[in-house]
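**Q** Sequence first, then the predicted structure, then my questions.
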Amino acid sequence: MVRALEMVAPGTALREGIDNILHARSGGLIVIGERDELSFLFSGGIKLDLDYVPTLIYELAKMDGAIVLSANATKIAHATCS
C-alpha cells in the first residue's frame with residue numbers, strides 16, 4: 001500500500017499524468033503491473049513498450065480504454081481501445 005501511495009504522490013511523474021487526465025475531465029483506467037501477468041485481462045490493443053511520459057499517458061487516456069504500465073511505472077507497456 002505504501003509503495004502505491006509513493007508512486008502517485010505529488011511531484012511524481014505518474015501523478016503529473018494522472019493530474020493531466022483529471023484536469024481534462026476525460027478519465028482513464030490505468031493498470032500497474034507486468035504485462036505478461038495481466039495479459040488475461042485484455043485482448044487486442046497496442047503493445048507499446050515506451051518510456052513513461054506524462055503527456056503520452058494523457059493522450060492515451062483519450063482513447064477510452066485501459067493503459068498498462070510496468071510495475072515500477074517507468075514504461076507504458078500496452079494500451080487498449082474500446
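**A** The structure has been received and is ready for your questions.
**Q** what does the helix or strand bottoming out on mean pLDDT in the chain rub up against?
**A** Of all helical and strand segments in the chain, the minimum by mean pLDDT, DSSP states H and E falls on helix 35-38, at a mean of 83. With contact meaning CB atoms under 8 Å, 6 or more residues apart in numbering, helix 35-38 is reached by V31, K47, V68, S70, A77, H78. No exception for glycine: its C-beta is placed from N, CA and C like everyone else's.
**Q** Are any of these buried, and if so which?
**A** V68, S70, A77, H78 (16 or more other CB atoms under 10 Å).
**Q** Which members of those residues occur in strands, if any?
**A** Using DSSP state E to define strands, the subset of these located there is V68, A77, H78.
**Q** For those residues, give me JSON lines that also has pLDDT and distance to R3.
**A** Converted to JSON lines, these look like this (pLDDT from 0 to 100; distance: CB to CB, whole Å):
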{"residue": "V68", "pLDDT": "92", "distance to R3": "18"}
{"residue": "A77", "pLDDT": "91", "distance to R3": "18"}
{"residue": "H78", "pLDDT": "90", "distance to R3": "21"}
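**Q** I'd like to know which of these is nearest to R25.
**A** Minimum distance to R25 across these is 22.6 Å, recorded for V68 (CB to CB).
**Q** any idea how far that closest one lies from G11?
**A** Using CB to CB, to the nearest Å, we find V68 at a distance of 23 Å from G11.
**Q** ok, now how distant is H78 from V53?
**A** Counting by CB to CB, the gap from H78 to V53 is 15 Å.
**Q** Strands of this protein, start to end?
**A** All strands of the chain, identified by DSSP E, fall at 29-32, 46-51, 66-69, 75-79.
**Q** Now find how far off-centre the helix ranked longest in the chain is within its chain.
**A** For the chain, the helix with the greatest residue count under DSSP state H is helix 13-23. In this view, helix 13-23 has its centroid 10 Å away from the chain centroid, taken as CA atoms, centre = their mean, to the nearest Å.
**Q** ok, now stretch 53-62?
**A** Worked out by CA atoms, centre = their mean, stretch 53-62 lies 8 Å from the chain centre.
**Q** same deal with stretch 11-19?
**A** Distance, centroid of stretch 11-19 to centroid of chain: 11 Å (CA atoms, centre = their mean).
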